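Chemist: Prediction below, plus the sequence it came from.
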Amino acid sequence: MIIAVDGPAASGKGTIAKALAKHYGLPHLDTGLLYRAVGENVRRLELNPEIEADAVAACDFDDSLLDDPALRGDETGKLASIVSAHPLVRAALLHRQKRFARQPGGAVLDGRDIGTVIAPEADAKLFVRATPTIRAKRRHAELRMRGSTVSLDRVLADIRARDLRDSMRATAPMVPAADAALLDTSFLSIEASIQRAIAIVEARLHHKPVPLG
């Protein structure tokens, strides 16, 4: 069984994907970490994330980098959004993601193009969203807990800029798959969002209408 969870930054897709993986006993991959690793590698190698050849050169990283806490930083997130717009970077990471999705027993993957590009054959597809303002407040709270002094206005501007880059890129733009169920977490608690996601997956697995509310 393959479950695809897509959506923009701070929508809750990562939390939901991890919960689904635990609920169904499946391995989980946050594909955004791959692009964050490339972004971090670009920084460490002192390359230019805007130059496709530089970003592709940074795709050759050791798996241990995926466990580095630096990948969770806001600056690395911005770099990830820039490098992920390069078609050759996406191509370089494509096989790695497809292999994970198609492992025996299946998997849960979250990102921005899982249901459209990585695993269009997924048994259940969710597109998780929330308003930009609410997502900015969530990300701002996370950053403050890490000691950051960045303003809420700056976080909101960054989120809007990232949404624009992700949705307008020529290769694998962030759009809901035609058969994805939409899950808006704007006014839902974490637990309510997870229960709603499980209900959606169950409906898809048993070929029933997705429940409302």
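Modeler: Structure's in. What do you need?

Chemist: what packs against the lowest-mean-pLDDT helix or strand in the chain?
Modeler: The least trusted helix or strand in the chain, going by mean pLDDT, DSSP states H and E, turns out to be helix 74-83, with a mean of 90. Applying 3 or more C-beta pairs under 8 Å, 6 or more residues apart in numbering; DSSP states H and E, one finds that helix 74-83 contacts helix 32-44, helix 152-168. For the C-beta atoms, the positions are set from N, CA and C on the backbone; glycine is no exception.

Chemist: what mean pLDDT does the first one have?
Modeler: When you say that, I think you mean helix 32-44. The average pLDDT within helix 32-44 is 96.

Chemist: Touching it from outside, list them.
Modeler: 14, 48-49, 54-55, 58-61, 65-66, 68, 70-72, 75-84, 89, 93, 96-97, 110-112 (C-beta atoms under 8 Å, 6 or more residues apart in numbering).

Chemist: Please check the residues you listed and keep the buried ones.
Modeler: Neighbour counting with 16 or more other C-beta atoms under 10 Å marks 14, 49, 54-55, 58-59, 61, 65, 71, 76-84, 89, 93, 97, 110-112 as buried within the contacts of helix 32-44.

Chemist: before we move on, back to that, can you tell me which of the helices and strands packed on helix 74-83 is packed in deepest?
Modeler: helix 32-44 (a mean of 23; mean count of other C-beta atoms under 10 Å).

Chemist: Past that one, which element shows up next along the chain?
Modeler: helix 52-57 (DSSP states H and E).
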